[in-house]
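Trainee: can't give you the sequence, but here's the structure:
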Ligand SMILES: O=C(O)C(=O)C[C@H](O)[C@@H](O)CO
């Protein structure tokens, strides 16, 4: 029996556009709510949300068997941390701040068993192999991993064509907020210079045969990014959804 199919990767290979949401509560229950809502994929975010291996692992458990696919964002692409979340059952990882082809190639190797990579082979005791219940896991797992690299600085954009040349990079995900900050527009990704860079990058990613990804928190911006070619499209953050709805409700009743 082989490693489970990575259905997100298969859907991207079929050319589908996948709609996702950020899961930032670092807890299983809200993640389960998001999965029930019907998103194609969720980011379990360990870069800006207070997730650790334990909270990531329990959320991966909640999403196991769900139609919604899990994407784990680590704070950085350390080989040992990648090994831990893959063993916990993640198949798709999003790694921030990728700025060179060498960095991207290291990430590809970290996600793959030898000889293609350097992933440590201890999944016998891990959820990834169904606790040794998948006899062929170790020899089939490489084909089911999906790597999303985040390009979100001018250095990353300068290296984009080189990054796109790295075999094993499935998705290049633009980070509009960090990109705007790096371009001197902290907190404002709407300025024309940033938008033009995003449009150009999404186009180059698609032209290279990789899936372009991005996050937008309002409908019009998300629709524009989709029109510019984004196929891994995050359209919300659960924490923001709750905070906005709660503030609006409280304000409405305070005002009478
Ligand atoms: O730069 C960005 O935009 C991102 O990387 C996404 C953010 O980290 C997301 O958490 C919203 O602020």
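Mentor: Here it is on my side, so go on. Because the structure is predicted, anything quoted here is derived from the model rather than measured. Numbers count the residues shown, from 1 in each chain.

Trainee: look up phi and psi at residue 213.
Mentor: phi -130, psi 160 (degrees, to the nearest 10).

Trainee: please shift the residue numbers so they start at 43 in all later answers.
Mentor: New numbering, starting at 43: the last item is residue 255.

Trainee: residues from this protein in reach of the ligand?
Mentor: Within the chain, the positions adjacent to the ligand are 64, 90, 192, 194, 217-220, 257, 279 by C-beta under 6 Å from any ligand atom. To be clear about C-beta, it is placed using only N, CA and C from the backbone, and glycine gets the same treatment.

Trainee: buried subset of these as a ChimeraX selection?
Mentor: Buried residues among the residues of the chain next to the ligand (16 or more other C-beta atoms under 10 Å), as a ChimeraX selection:
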select :64,192,194,217,218,219,220,257,279
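
Trainee: could you please name the strands the helix or strand harbouring residue 275 pairs with and the direction of each pair?
Mentor: In this structure, residue 275 is located in strand 274-279 according to DSSP states H and E. When pairing is defined by DSSP bridges, strand 274-279 lines up against strand 60-65 (parallel), strand 253-257 (parallel).

Trainee: these: which one's closest to residue 173?
Mentor: When the strands paired with strand 274-279 are compared by C-beta to C-beta, strand 60-65 sits nearest residue 173, at 24.9 Å.

Trainee: show me what secondary structure element comes after the closest one.
Mentor: For strand 60-65, the succeeding helix or strand toward the C-terminus, using DSSP H and E, is helix 70-79.

Trainee: what's in contact with that following helix?
Mentor: Contacts to helix 70-79, defined as C-beta atoms under 8 Å, 6 or more residues apart in numbering, come from residues 63, 65, 67, 84, 86, 100-101, 103-105, 108-110, 280.

Trainee: let's go with 10 Å and repeat that
Mentor: Residues outside helix 70-79 that contact it (C-beta atoms under 10 Å, 6 or more residues apart in numbering): 62-67, 83-84, 86, 97, 99-105, 108-112, 278, 280-281, 283-284.

Trainee: identify the residue of this structure closest to the ligand, quick one.
Mentor: Nearest to the ligand in the chain, going by C-beta to the nearest ligand atom, is residue 217, at a distance of 2.7 Å.

Trainee: which one is that residue nearest to, not counting chain neighbours?
Mentor: residue 194 (3.0 Å; C-beta to C-beta, 6 or more residues apart in numbering).

Trainee: spit out the contact partners of that neighbour.
Mentor: Contacts here follow C-beta under 10 Å, 6+ apart; on that basis residue 194 touches 138-141, 215-224, 243.

Trainee: if we go to 8 Å?
Mentor: Taking C-beta under 8 Å, 6+ apart, we find residue 194 in contact with 138-139, 216-221, 224.

Trainee: where does the protein have low pLDDT?
Mentor: Scanning the chain with the threshold set as pLDDT under 70 gives 298.

Trainee: quick one: the helices in it?
Mentor: For the chain, helices defined by DSSP state H occupy the ranges 49-55, 70-79, 95-105, 121-129, 143-153, 179-182, 196-200, 202-206, 218-224, 234-249, 261-269, 280-296.

Trainee: and those: which comes nearest residue 168?
Mentor: The minimum distance between residue 168 and those falls on helix 121-129, with 3.7 Å, by C-beta to C-beta.

Trainee: what does the closest one contact?
Mentor: By C-beta under 8 Å, 6+ apart, helix 121-129 touches 95, 98, 114, 116, 135, 148-149, 151-153, 160-162, 164-165, 168-170, 183, 187.

Trainee: quick one on the thing from earlier: just the buried ones from the contacts of helix 70-79, in PyMOL syntax?
Mentor: The buried subset of these, as determined by 16+ other C-beta under 10 Å, is captured in PyMOL by this line:
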select buried, resi 62+63+64+65+66+67+83+84+86+97+99+100+101+102+104+105+110+111+112+278+280+281+283
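
Trainee: surely residue 65 and residue 100 touch.
Mentor: No: contact criterion C-beta atoms under 8 Å: residue 65 and residue 100 do not qualify, at 11.9 Å.

Trainee: please consider this matter closed, and thank you.
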